[in-house]
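**Q** okay, sequence plus prediction incoming.
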Amino acid sequence: MEVPGEDPYLTGLYGLEYTRGLQEGEDPRYLQAVVTLKHWAAYSVENYEGVTRFQFNAIVSPYDIANTYFPAWKTSVVDGKAKGVMCSYNSVNGIPACSNHFLNNTLRGTWSFSGYVTSDSGAVACQVTGHHYVKTYEEAAADSITAGTDIDSGSVYQDHLITALGQGLIKESDIDNALYNTLKMRFELGLFDPIANQPYWHVPPSAVNTPASQALSLLASRQSIVLLQNNGNVLPFTKGKKVAVLGPHGNAQGDLLGNYIGEICPDGSFSCVTSPFTAINEANKDGSTVFFPGCDIKSNSTSGFEAAVTAAKGSDYVVLIMGINQSIEREALDRIDITLPGVQEEFVLSVLAVGKPTVLILINGGIIAIDRLKIVTPAIIEAFYPGYWGGVAIADVLFGNYNPGGKLPVTYYSTIYTNEIDFLDMNMTDSPGRGYRYYTGTPLWEFGYGLSYTTFQLNWTTLEALPSDLDNRNQLGAQYEVTVTNTGNVAGDEVVLAFMKPPQQLQQKLSLTYVPLKKQLFGFQRVHLNPKESIKLTFTLQVKNVALVNSEGDLVSAPGTYMIEFTNGVDQHLTTKLDLTGNL
């Protein structure tokens, strides 16, 4: 729930734009805000098989550190200029993250990070109580501050740092350095300068919740929706019909928002959030819309089935809105099962048996494996936690007011995946592999998948102009031109994804003994096209995009023949060979 996807490149761009959007404002003299990226680093276990985040030791190979766990951080810190980092509860290769000199040396040494580092709440204390890495809080304070943790989000520094100084565990200069890093941020925010001419001190209430901001929020909700299945073109629905909205999320408000959201409505509730049922009812002009939950999120009660099934029988269309919420996934609560909880699947099957045109909409953060339902459900939409305007966005998609164009930022695994993987093992390449880059199994839907109400075609703009080779000393890279055409009858968005596929034999030559990297995203573009309209897209492949990581964690530019692919993630694929030349 706290990461935008599984791909390091995509996640890095997200961190980059998020950081710049928050830190950079209209006044170049000062930071608008200080971003604090979390959780540094290799943090993915909350509470799994009796191991909590306060005890977990992430054993991570140099390869996985360099190829998976660090790239998004590097992009956000180096390119985004993030000014804050939060070290995590877990240990990394036996050393608690907040005391890990390797992590700090990477940040401040290799990446020239110039901001501050804070611990997660209580993470310094965990070195004594959870990891048993040291015996005393004085040692924990000393290890953390000398490793570069400037702020303790807890009481260890407050209660034990001076004692540690008296015991000779740290020097006064260590404290001075931490103070410098933290106070520097306040100076960069302009907190010690006169405020008369600082625009960030004079933001009027009218600048909050503006129509433009609301429109952008609605657009984000619409664009994030992914159409996974639309057999027989069940969607979009025709307005003015009888619609039954069923399922535990059918009238959801707060559950649409995910977590860490602050105050949404003036009274502190979620009453101002438009639920899917309310939005569908309003959009279904001259029709009738009813709502029955049928079941709740995780109980085994079937007492609501009958009323919901009866409503389905009396309808023209059925909208099933199922999924999970923070009772299933949240901070400190990992899932061990990725299927629909409780009797939700049983309920969906009972409604599908009625035989009406039906769409299944999923509300969730982490993926939900719906192997059986994929086979028998006419239409499926992944809405994730769609935000404040999620209900309206869902209604817009159902009735064709908006043509969905989102793509999956994650691999959608089948039910058995959780039995194939040890989630305490941080190795990305252990069979069957993790993420689209390594997974050797057959997913329900692949990373980048997403349908539309229209059709698109990809073509090389000029076949003769395709680059065939690239010297690994070339700083300009290779350019590819792809023409995208809306071949259907509805305006819509298409996303073109660009991947590089390295040769497996070359990876073996680099002494890589893991499951080979299948492919890696290096670019994407989203475009809006009217029916029969075309557009030319240009992608630049840099030498760094075809660099490989060896077993020591070093980035290597390895000559060989690479495959370059451009795809919409569904049925359009353009591939070409590229010979990377030069020295290893």
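**A** Everything's here; your move.
**Q** what's the burial count for Met86?
**A** If you count neighbours by other Cβ atoms under 10 Å, Met86 ends up with 22. C-beta here means a position set from N, CA and C on the backbone, and glycine is covered the same way.
**Q** partner strands of the helix or strand encompassing it and their direction?
**A** Per DSSP states H and E, Met86 falls inside strand 84-87. Its sheet considered, strand 84-87 pairs with strand 36-40 (parallel), strand 116-119 (parallel) by DSSP bridges.
**Q** all helices of the stretch 1-150 of the chain, in order?
**A** Counting by DSSP state H, counting those that start in this stretch, the stretch 1-150 of the chain has helices at residues 8-23, 62-64, 71-74, 101-104, 126-129, 137-146.
**Q** point out the most buried one among those.
**A** helix 137-146 (a mean of 25; mean count of other Cβ atoms under 10 Å).
**Q** could you name the helices and strands sitting against it?
**A** Applying 3 or more Cβ pairs under 8 Å, 6 or more residues apart in numbering; DSSP states H and E, one finds that helix 137-146 makes contact with helix 126-129, helix 156-166, helix 172-188.
**Q** tell me which of these approaches Ala383 most closely.
**A** Among the helices and strands packed on helix 137-146, the nearest to Ala383 by Cβ to Cβ is helix 126-129 (35.9 Å).
**Q** off-centre distance for that closest one?
**A** Relative to its chain's centre, helix 126-129 lies at 30 Å (Cα atoms, centre = their mean, to the nearest Å).
**Q** with stretch 77-92 instead?
**A** What separates the centre of stretch 77-92 from the centre of its chain is 17 Å, taken as Cα atoms, centre = their mean.
**Q** convert the C-alpha atoms of it to PDB, please.
**A** Extracted as PDB, the C-alpha positions of stretch 77-92 are listed here (Å, rounded to 0.1, in the frame of the first residue of the first chain):
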ATOM      1  CA  VAL A  77      17.600  11.300  -4.300                       C
ATOM      2  CA  VAL A  78      19.900  12.100  -7.200                       C
ATOM      3  CA  ASP A  79      17.400  13.400  -9.800                       C
ATOM      4  CA  GLY A  80      14.600  14.400  -7.500                       C
ATOM      5  CA  LYS A  81      16.800  16.000  -4.900                       C
ATOM      6  CA  ALA A  82      14.800  14.600  -2.000                       C
ATOM      7  CA  LYS A  83      15.900  16.200   1.200                       C
ATOM      8  CA  GLY A  84      14.600  13.500   3.700                       C
ATOM      9  CA  VAL A  85      15.000   9.800   4.200                       C
ATOM     10  CA  MET A  86      13.500   7.500   6.800                       C
ATOM     11  CA  CYS A  87      15.500   4.500   7.800                       C
ATOM     12  CA  SER A  88      13.400   1.400   8.400                       C
ATOM     13  CA  TYR A  89      12.800  -1.100  11.300                       C
ATOM     14  CA  ASN A  90      14.400  -4.100   9.700                       C
ATOM     15  CA  SER A  91      18.000  -5.100   9.500                       C
ATOM     16  CA  VAL A  92      19.900  -5.300   6.200                       C
END
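**Q** just the mean pLDDT for that stretch, thanks.
**A** Average pLDDT, stretch 77-92: 97.
**Q** in that stretch, what counts as buried?
**A** Neighbour counts over stretch 77-92 (16 or more other Cβ atoms under 10 Å) mark 77, 80-92 as buried.
**Q** against Asn57, how distant is the nearest residue to Asn104 once chain neighbours are set aside?
**A** Residue nearest to Asn104 in three dimensions, not counting chain neighbours: Gly148, with 3.2 Å by Cβ to Cβ, 6 or more residues apart in numbering. From Gly148 over to Asn57 the distance is 20 Å, taken as Cβ to Cβ, to the nearest Å.
**Q** who's more crowded, these two?
**A** Looking at Gly148 and Asn57 with other Cβ under 10 Å, you find the greater number of neighbours at Gly148, namely 25 against 19.
**Q** what sits against the more buried one?
**A** 101, 103-104, 107-108, 117 (Cβ atoms under 8 Å, 6 or more residues apart in numbering).
**Q** try Val78
**A** 111-112.
**Q** next one: the one 4 residues further on
**A** Ala82 makes contact with 15, 19, 23, 35-37, 76, 113, 115, according to Cβ under 8 Å, 6+ apart.
**Q** please redo it, this time with the cut-off set to 7 Å
**A** 19, 35, 37, 76, 115 (Cβ atoms under 7 Å, 6 or more residues apart in numbering).
**Q** how far away is the closest residue to the first one other than its chain neighbours from Ala41?
**A** Pointing back at Thr19 there. Closest residue to Thr19 apart from its sequence neighbours, by Cβ to Cβ, 6+ apart: Gly80 at 3.6 Å. Using Cβ to Cβ, Gly80 is found at 16 Å from Ala41.
**Q** also Asn486?
**A** Here Asn486 is placed at a distance of 42 Å from Ala41 (Cβ to Cβ).
**Q** one more: Val128?
**A** From Val128 to Ala41 the distance is 21 Å (Cβ to Cβ).
**Q** point out where the stretch 451-584 of the chain drops to low pLDDT.
**A** Residue ranges of the stretch 451-584 of the chain with pLDDT under 70: 511-514.
**Q** next, the angle from the helix or strand encompassing Met500 to helix 8-23.
**A** Assigned by DSSP H and E, Met500 belongs to strand 492-501. Angle between the axes of strand 492-501 and helix 8-23 is 120 degrees (criterion: axes from the mean of the first three to the mean of the last three Cα atoms, to 10 degrees).
**Q** direction included, what does strand 492-501 pair up with?
**A** Assessed with DSSP bridges, strand 492-501 is paired to strand 520-529 (antiparallel), strand 560-567 (antiparallel).
**Q** format the CA atom coordinates belonging to that strand as CSV.
**A** Taking Å, rounded to 0.1, in the frame of the first residue of the first chain, the C-alpha atoms of strand 492-501 are listed here in CSV:
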residue,chain,number,x,y,z
GLY,A,492,-9.3,6.9,-25.7
ASP,A,493,-5.9,6.7,-24.0
GLU,A,494,-3.2,4.2,-24.9
VAL,A,495,0.1,3.6,-23.0
VAL,A,496,3.1,2.4,-25.0
LEU,A,497,5.7,0.5,-22.9
ALA,A,498,9.3,0.2,-23.9
PHE,A,499,11.3,-2.8,-22.7
MET,A,500,14.8,-4.1,-23.3
LYS,A,501,15.4,-7.8,-23.2
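**Q** many thanks, we can stop here.
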